[in-house]
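> Mind looking at a prediction? Sequence and model below.
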Amino acid sequence: MRFPEDVDSRVSQFDSSDSDVRFRTMADTAPVFIWTSGTDNKCDWFNATWQAFTGRSLEQEVGDGWRNGIHPDDLARVIDADFASFNARAPFSVEYRLRRHDGAYRWILDTGVPRFGSDGTFIGYIGTSLDIHDRRMAEEELSRREQQFVSLAESLPDMIARYDREGRYLYVNSATTALTGRPAEYYVGRRVLDSESAPELVRTWYQTIHRVFETGVPTDLDFELTTRGTLRRFEARFVPERGLDGTVAYVISIARDITANRQAEERARQNAKMEAIGRLAGGLAHDLNNQLQAVIGFTTFLGRDPGLGDQGRRDLGEIDLAADRMRSLVAQLLAFSRQQVLSLETLDLNAAVVEAQALLQRLIGPTINMQLELETGRQWTRVDRTQFLQVLMNLTINARDAMPHGGQVVFRTRICDVKEDRPDPTGSVIAAGRYVELQVADSGSGIPAEHLSRIFEPFFTTKEVGKGTGLGLATVHGIVAQSRGHITVESVPGQGTSFTILLPAADDIPEIDFGSPPTGQGHRPSGCVLVVEDEDVVRQVIVRVLEEAGYQTLEARHGQEALEILNRDFAAITLVLTDLIMPVMTGIELTRQLADNGMAIPIVWMSGHPLEAIPEAQTGAETLPFMPKPVNPAQLVDLVNRLTSPV
């Protein structure tokens, strides 16, 4: 720090004793420290303010005595600066810590300029010393805060920036440069309004900064930003950074990438919606099953009427076809809701695809080329063979419809090892383990991005009205999920779609079952069957089927009523055929009551729901015969025959 030139000219006039006396008299009353030195670079005078600060007398301070008050860590630096300036006859400025009269060290700014006599002869130095301790401490505090801020900002994955009142970038952290692909030099010194981002976002960003400067209140902002070619969602918070005087000195923005969180929330909402639709579909399918039982049963009874004419039989045939279509629709609803009854078997995925190839080729027609890219070796998994064929057919039809003018569909298989648990795009967890993978990829029109999240919803379709039910892919999703598998989809409009299915690999190779004659073959039906069913029409059909087969029957509308009949007529009853889900007392509770009462009797469970969908039915489910609804009359009679046949 240099003194003004007019000060140099005045100092050169202090060359007479009278002038020195007047100067020192005035200096003793000055609020700053003032000192002088001679041509030997030794201090020869300090004003009263200096002496009051150090608590030492003038005699103790003159010469090199004043240096005894300098902090040991600063002494060498001060001496070097002193001699360098003296040898050059140049002004100097140096900061150091000086011991106060109470022993505390204070930071001092010491400034000196050379003195010259009227003839231009060098006669020493004159200087002033200012107590800058508070300012220095404030600067060090600011520096410490800055270091803490930068250290924290650089350690976080969030985008962090600091702005001045003009909306200029003063700092951006490395996460900002990494996410945006722009170096820090691009930002620092640039005004937010000059940014190359979307104009609406730039305006909103600047207005938010200005608002925080004016109000001092933190403000939140959600926004979308394309970073490195990907549109991402961010959540930003703008906070005031206050100076030592308490006013807002800067504004800091902290922007967090919440894309993954929002996607997870959306998956959770989608899963909840799918679960609700699934329950609705399952309940609807269960009710339809009961009505379908009546259609199938009474159609069978009418068909046995010898007096029925040709037209009547043709009409019954149409009713039977409609019942088959209804059965297929119910099966799709149950598949989506994961409540269809699966008959699991261990099969080779490669063999299953090859066996279905001819059928699938007929489905897609001659304009679409089908290719099989199957990994060598057997790929065992446990699925329902019929339901798996349904999966292949639905995916093939979906590919065909995406390629009305021809194209290519490829079926690929391979063994896939999942090293650790990971979520799939639908929000469920793919557990670590070995899977067999089936990929069905087409070169069709693709699926728009906005439709991908809904592609497995029931009744959702991108096809024209009347061209699709919207149950095909929902059925696929349900079958795969009930088989403990996972399905994902990738698609680029105009470039095709790829569905990937993961099914748990099975280590056991299936044993060949050469079959055995039915236990009840040739058995003459006899005995009494207690039919427990809350739906009147279903109970009526089952009773009639059994009675026409030669069995006596008793009827109950729920488990409690059945228990009363059993307590009264137990000796006369040969078998209990009970629905599982009923009011008052379920078939499961009835089974437990009979066991608790020591009433040993053959029991057959019935339900339109699979056993795995009924948690209460798990205990003992492996040992009890199960008849899925709608009940097939011939299968029902055969099962009852086998259970009532003498050993």
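Received it, and whenever you're ready, just let me know what you need. Numbering: from 1, shown residues only.

> Now do the helix or strand residue 231 falls within: which elements does it pack against?
Assigned by DSSP states H and E, residue 231 belongs to strand 230-242. Here strand 230-242 is seen to pack against helix 199-215, strand 219-227, strand 248-257, helix 259-303 when contacts are counted using 3 or more C-beta pairs under 8 Å, 6 or more residues apart in numbering; DSSP states H and E. In short, each C-beta sits where N, CA and C put it, glycine included.

> Any regions of the protein where pLDDT drops low?
1-20, 265-289, 324-343, 425-427, 458-471, 508-524, 610, 612-613, 615-623, 646-647 (pLDDT under 70).

> what about the residue lying closest to residue 369 once chain neighbours are set aside, how many neighbours?
Once flanking residues are discounted, residue 369 sits nearest to residue 408: 4.6 Å by C-beta to C-beta, 6 or more residues apart in numbering. Residues lying near residue 408 (other C-beta atoms under 10 Å) number 16.

> hmm, who's touching the helix or strand hosting residue 408?
Applying DSSP H and E as the criterion places residue 408 in strand 407-418. Residues outside strand 407-418 that contact it (C-beta atoms under 8 Å, 6 or more residues apart in numbering) are 349-350, 353, 364, 367-375, 377, 379, 396, 399-400, 403, 430-444, 496, 502, 505.

> Swap in 6 Å and give it another go.
Here strand 407-418 makes contact (C-beta atoms under 6 Å, 6 or more residues apart in numbering) with 349-350, 353, 368-375, 379, 399, 430, 432-435, 437-444.

> Stretch 182-192 too?
Stretch 182-192 has contacts (C-beta under 6 Å, 6+ apart) with 167, 168, 169, 172, 177, 205, 206.

> Pull the number of nearby residues for the fourth one.
By the criterion of other C-beta under 10 Å, residue 172 has 22 neighbours.

> Tell me what it is bridged to.
residue 161 (DSSP bridges).

> the helices in the stretch 1-150 of the chain, which residues?
With DSSP state H, counting those that start in this stretch as the criterion, the stretch 1-150 of the chain has helices at 5-11, 17-28, 48-54, 58-61, 72-88, 133-155.

> Now do the strands in the stretch 451-600 of the chain.
For the stretch 451-600 of the chain, the strands defined by DSSP state E, counting those that start in this stretch cover 486-492, 496-504, 528-532, 552-556, 575-579.

> count of neighbours near residue 558?
Neighbour tally, residue 558, other C-beta under 10 Å: 20.

> make that residue 225, sorry
18.

> Tell me who's in contact with it.
Going by C-beta under 6 Å, 6+ apart, residue 225 touches residue 234.

> quick revisit: need the winner for burial among the helices of the stretch 1-150 of the chain.
Of those, the one with the most neighbours on average (mean count of other C-beta atoms under 10 Å) is helix 48-54, at a mean of 18.

> Show residues contacting that helix.
By C-beta under 6 Å, 6+ apart, the residues outside helix 48-54 that reach it are 28, 33, 69.

> what residue lies at the spatial centre of the chain?
Of all residues in the chain, the one closest to the mean position by C-alpha atoms, centre = their mean is residue 264, 3.5 Å from it.

> re the thing from before, from the contacts of strand 407-418, which land in strands?
Judged by DSSP state E, the subset of the contacts of strand 407-418 located in strands is 368-374, 430, 433-435, 437-442.

> Now the buried members of these.
If you count burial by 16 or more other C-beta atoms under 10 Å, the buried members of these come out as 368, 374, 430, 435, 437, 438, 439, 440, 441, 442.

> And these, which is closest to residue 313?
Nearest to residue 313 among these is residue 368, at 40.3 Å by C-beta to C-beta.

> Tell me the bridge partners for the closest one.
Following DSSP bridges, residue 368 is listed with bridge partners residue 407.

> Residue 226 too?
Beta-bridge partners of residue 226, counted by DSSP bridges, are residue 231.

> CSV please, covering the helices of the stretch 1-150 of the chain and showing distance to residue 310.
Converted to CSV, these look like this (distance: least, C-beta to C-beta, whole Å):
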stretch, distance to residue 310
helix 5-11, 130
helix 17-28, 136
helix 48-54, 128
helix 58-61, 136
helix 72-88, 118
helix 133-155, 87
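
> so which of the ones you listed gets nearest residue 311?
If you check each of these against residue 311 by C-beta to C-beta, helix 133-155 wins as the nearest, at 85.1 Å.

> ok and that closest one relative to strand 230-242, angle-wise?
Inter-element angle recorded for helix 133-155 and strand 230-242: 160 degrees (by axes from the mean of the first three to the mean of the last three C-alpha atoms, to 10 degrees).

> Return helix 133-155 as CSV; C-alpha atoms alone will do.
Below are the C-alpha coordinates for helix 133-155, written out as CSV (Å, rounded to 0.1, in the frame of the first residue of the first chain):
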residue,chain,number,x,y,z
HIS,A,133,-7.6,-7.7,13.3
ASP,A,134,-11.4,-7.7,13.1
ARG,A,135,-11.3,-7.4,9.3
ARG,A,136,-8.7,-10.1,9.1
MET,A,137,-10.7,-12.4,11.3
ALA,A,138,-13.8,-11.7,9.2
GLU,A,139,-11.8,-12.5,6.0
GLU,A,140,-10.6,-15.7,7.6
GLU,A,141,-14.1,-16.7,8.6
LEU,A,142,-15.3,-16.0,5.1
SER,A,143,-12.4,-18.1,3.7
ARG,A,144,-13.2,-20.9,6.1
ARG,A,145,-16.9,-20.8,5.1
GLU,A,146,-15.9,-20.8,1.5
GLN,A,147,-13.7,-23.8,1.9
GLN,A,148,-16.4,-25.6,3.8
PHE,A,149,-18.9,-24.7,1.1
VAL,A,150,-16.7,-25.8,-1.8
SER,A,151,-15.7,-29.0,0.0
LEU,A,152,-19.4,-29.9,0.6
ALA,A,153,-20.5,-28.8,-2.8
GLU,A,154,-17.9,-30.9,-4.6
SER,A,155,-18.8,-34.0,-2.5
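
> tell me what that helix is packed against?
The criterion is 3 or more C-beta pairs under 6 Å, 6 or more residues apart in numbering; DSSP states H and E, and the helices and strands that helix 133-155 contacts are strand 105-116.

> on that earlier part again, which of the helices of the stretch 1-150 of the chain sits closest to residue 478?
Of those, nearest to residue 478 by C-beta to C-beta is helix 133-155, at 46.2 Å.

> what does the closest one rub up against?
Helix 133-155 has contacts (C-beta under 6 Å, 6+ apart) with 106, 107, 160, 173, 174, 244.

> Give me the angle between that helix and strand 248-257.
Interaxial angle, helix 133-155 versus strand 248-257 (the same axes, to 10 degrees): 10 degrees.

> what's the angle from helix 133-155 to strand 105-116?
120 degrees.

> Please shift the residue numbers so they start at 360 in all later answers.
Shifting the count to begin at 360 puts that one at helix 492-514.

> picking that back up, out of the helices of the stretch 360-509 of the chain, nearest to residue 481?
That would be helix 431-447 among these, by C-beta to C-beta, at 9.7 Å.
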